[in-house]
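> My questions concern the predicted model and sequence given below.
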Amino acid sequence: MRNSRNPGSGVTWQEAEDTLTAAVEYLFALPDRERGFLAAGTRTGWPTIVRDLQADYPDDVPPSPQLTRRNVNLVELMLTGEHPLANAVPERHRALVGRVIVMQRWPGPDGFGWDLVWRRMGGELYNLARRQVLPATGESMRAAYSRGIQRVAMAMEQSQLSQA
């Protein structure tokens, strides 16, 4: 993860965002054991009892891509392990960071914009200094996201220093 142009330099903001985005992509590609359980129930004599018609689990699900051990290790390091690096993001801003990553990676029909993020977050954001939820702007959400990714970059740098 080191910057290849300047050996010895830290993890850049863009590298941290790209790594976190890749970990989210791999997390979504992991097999969904619950979906498999519910799909098995659709082939029994109880499909209407086991499966709700409004469920998020379609009957014909495309197979998930095969993940390498390296992909799974990245998910664990960044998101699901005992001390994931994404925990560097303040707890009250994790929903914002996750939402932005997903919206940037898989933009809907309206594309991506901070005004859309603002609407999806209800126009409010937790203020770390005042310790309360306050009305926010799209720009303040962009700044909070940027600070969150910077904290991930610093955690990644610390992680690399401890491994060296």
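Ah, there it is.
> Burial check on residue 14, number of neighbours?
11 (other C-beta atoms under 10 Å). From N, CA and C alone the C-beta is placed, and that goes for glycine too.
> Could you look up the SS state of it?
helix (DSSP: H, G, I helix; E, B strand; the rest coil).
> which stretch of helix or strand covers residue 66?
Counting by DSSP states H and E, there is no helix or strand that carries residue 66.
> biggest helix in the protein by residues?
Counting by DSSP state H, the longest helix found in the chain is helix 138-163.
> For the spatially closest residue to residue 144 that is not a sequence neighbour, give me its contacts.
Take residue 144 and drop its neighbours on the chain: the residue closest to it by C-beta to C-beta, 6 or more residues apart in numbering is residue 93, 5.3 Å away. When contacts are counted by C-beta atoms under 8 Å, 6 or more residues apart in numbering, residue 93 touches 125, 126, 128, 144, 145, 147, 148.
> which residues touch the fourth one?
What it means is residue 144. 93, 96, 125, 136.
> For residue 157, state which of these is nearest.
Nearest to residue 157 among the contacts of residue 144, counting by C-beta to C-beta, is residue 93 at 19.6 Å.
> pLDDT wise, what is the closest one at?
pLDDT recorded at residue 93 is 91.
> quick one, helices of the chain?
Under DSSP H, the chain gives helices at 13-29, 33-42, 47-50, 69-75, 94-105, 114-120, 138-163.
> Could you list the residues in contact with the fourth one?
Meaning helix 69-75. So helix 69-75 is contacted by 19, 22, 23, 26, 27, 29, 30 (C-beta under 8 Å, 6+ apart).
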